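1. Need the 3D shape of this:
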Amino acid sequence: MATTDTNMTATKEIIFNWSDYSPCNTLSDMAFSQVFLPSLYSIVFTVGLIGNGLVVGVLVKFYKGATMSDLCLFNLAISDLLFLISLPFWAHNAAKNEWKFGSFMCQTLTTFFMLGFYASIFFMILITVDRYAVIVHAHNFLFSKHRSVRTGIVLAVFIWTLSLVASLPTIIFTQMKHESNVFICKLEYEEKTTWNLISHIELNLLGLIIPLSVMVFCYSRIIPIIMTIKSQKKHKAVKLLLVLVTVFFLFWTPYNIVVFLKFLHQLGYMQSCKWFQDLNMAMQWVETIAFSHCCLNPIIYAFMGQKFRNLFIKILKEWFPCCFGQCLTAEREISEMSNLPSHTSVTSCMMKNSKV
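-> So this is what the prediction gives:
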């Protein structure tokens, strides 16, 4: 993504220091980011907030019967929400090309973004490993014994700590600066420092290579076992696992490829203006695709599970009884007892529900 001295962008390219001043910058790139990024970030924020908010709401309401799997889903949704909270601010900053929220918010939102970014990926890894342990090592007493909620809490604390450690370099080096009469929130290493190069390698390793390797290994062991089960739902289960891996690969691979090309650019390769402009434009597209993955997590990890769907429907029946068959049942019962006309029974049901 390109900028001028007086118009520094505030998308995640600033957070990862991929948007420095260059004579290759063009006004067309800047204009594109001002319109494209705020619109896409707003959509991702809205959809992701609704989906992950529902997951958190359902799991909190039925927390008494929670399992380790539920705990993983809860933390995955929290990490996605933490990540999503920062998007409206980056969207506003991209539109205005200026940071207007102060130094404290610059550091805080960077922390939210990075912590949610890594925690979301790490909890997806934990969910994958948990499924592997349950299915592949179903008869192993050691695995069964340690799948308690208490173990899940310990693992959750460990993952949040690990996410914070992975985020620290970015959090520490991100500051609000005053440049060319405007304030900007940016990550700034000294040119070609070790930390600058490590940040790119860290993203590739923790953001794609390790989680994708874990998914491929675990699900390649899980699928053959599922296929041996005599159940009509086994094909649906296999399709779901393939969808999980495919979606993760399609959403995160383009982003990590561009990150790697940026890494090569930092090493001195691909120094032409054409490469610079193409990489910055590509980053705007692929980062939005990658970030929108948090909108799909509630669907593929929660709502496609039978247990979670049952809990969600149970809540809907409590909140909207007339939309889920309870009023029809009450209507028949009242009609049989009082022999009243149908429309009177419906009115009685509605009055009854309004008093509850």
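2. give the contact list for the residue most central in space within the chain.
-> Nearest to the geometric centre of the chain sits Cys294, at 2.6 Å (CA atoms, centre = their mean). Counting by CB atoms under 8 Å, 6 or more residues apart in numbering, Cys294 touches 44, 48, 52, 80, 83-84, 120. Where you see a C-beta, it was placed from the backbone N, CA and C, and this is true even at glycine.
3. which two in those are spaced the farthest apart?
-> Val44 and Ser120 (13.1 Å; CB to CB).
4. Name the member of the contacts of Cys294 with the most neighbours.
-> Asp80 (28 neighbours; other CB atoms under 10 Å).
5. Does the closest residue to that one other than its chain neighbours lie in a helix or a strand, and which?
-> Nearest residue to Asp80, sequence neighbours excluded (CB to CB, 6 or more residues apart in numbering): Cys294, at 4.0 Å. Element membership of Cys294, judged by DSSP states H and E, is helix 293-297.
6. With Leu73 instead?
-> Applying DSSP H and E, one finds Leu73 within helix 68-96.
7. tell me what whatever helix or strand comes next after that helix is packed against?
-> Following helix 68-96 in sequence order, the next helix or strand is helix 102-136 (DSSP H and E). Counting contacts by 3 or more CB pairs under 8 Å, 6 or more residues apart in numbering; DSSP states H and E, helix 102-136 is packed against helix 12-15, helix 68-96, helix 149-173, strand 174-179, strand 182-187, helix 210-227, helix 293-297.
8. quick one, the helix or strand just after the fifth one and helix 102-136 angle?
-> Read that as strand 182-187. As assigned by DSSP H and E, the chain's next helix or strand after strand 182-187 is helix 194-204. The directions of helix 194-204 and helix 102-136 differ by 40 degrees, with axes from the mean of the first three to the mean of the last three CA atoms, to 10 degrees as the criterion.
9. buried stuff in helix 194-204?
-> 196, 199-200, 202-204 (16 or more other CB atoms under 10 Å).
10. Please state the mean pLDDT value computed over that helix.
-> Averaged across helix 194-204, pLDDT comes to 84.
11. packing partners for that helix?
-> With 3+ CB pairs under 8 Å, 6+ apart as the test, helix 194-204 has helix 149-173, helix 234-266 packed against it.
12. Now do the same contact list for the closest residue to Ser148 other than its chain neighbours.
-> Nearest residue to Ser148, sequence neighbours excluded (CB to CB, 6+ apart): Met68, at 6.8 Å. Each residue near Met68 by CB under 8 Å, 6+ apart is listed here: 130, 147-149, 151-152.
13. could you redo the last one with a cut-off of 10 Å?
-> 126-127, 130, 133-134, 146-153, 155-156 (CB atoms under 10 Å, 6 or more residues apart in numbering).
14. With Thr253 instead?
-> Taking CB under 10 Å, 6+ apart, one finds 208, 212, 286, 289-290 in contact with Thr253.
15. ok, now Tyr41?
-> Residues near Tyr41 by CB under 10 Å, 6+ apart: 11-12, 84, 86-95, 287-288, 291-292.
16. Can you name the helix or strand that it falls in?
-> Assessed by DSSP H and E, Tyr41 sits inside helix 27-61.
17. what helix or strand does His138 sit in?
-> His isn't right for residue 138; it's Ala. Using DSSP H and E, Ala138 sits within no helix or strand.
18. I'd say it and Ile225 touch.
-> Yes - Ala138 lies in contact with Ile225 (CB atoms under 10 Å); the separation is 8.4 Å.
19. list the buried ones in the helix holding Leu73?
-> Per 16+ other CB under 10 Å, helix 68-96 contains these buried residues: 68-95.
20. So what's the model's average confidence on it?
-> On average, helix 68-96 scores 91.
21. roughly how far is that helix from the heart of the chain?
-> Mean-position distance between helix 68-96 and its chain equals 6 Å (CA atoms, centre = their mean, to the nearest Å).
22. swap in stretch 131-151?
-> With CA atoms, centre = their mean, you get 26 Å for stretch 131-151.
23. And the contacts of it?
-> 63, 66-72, 130, 152, 154-155, 214-215, 217-226, 229, 237, 241, 244.
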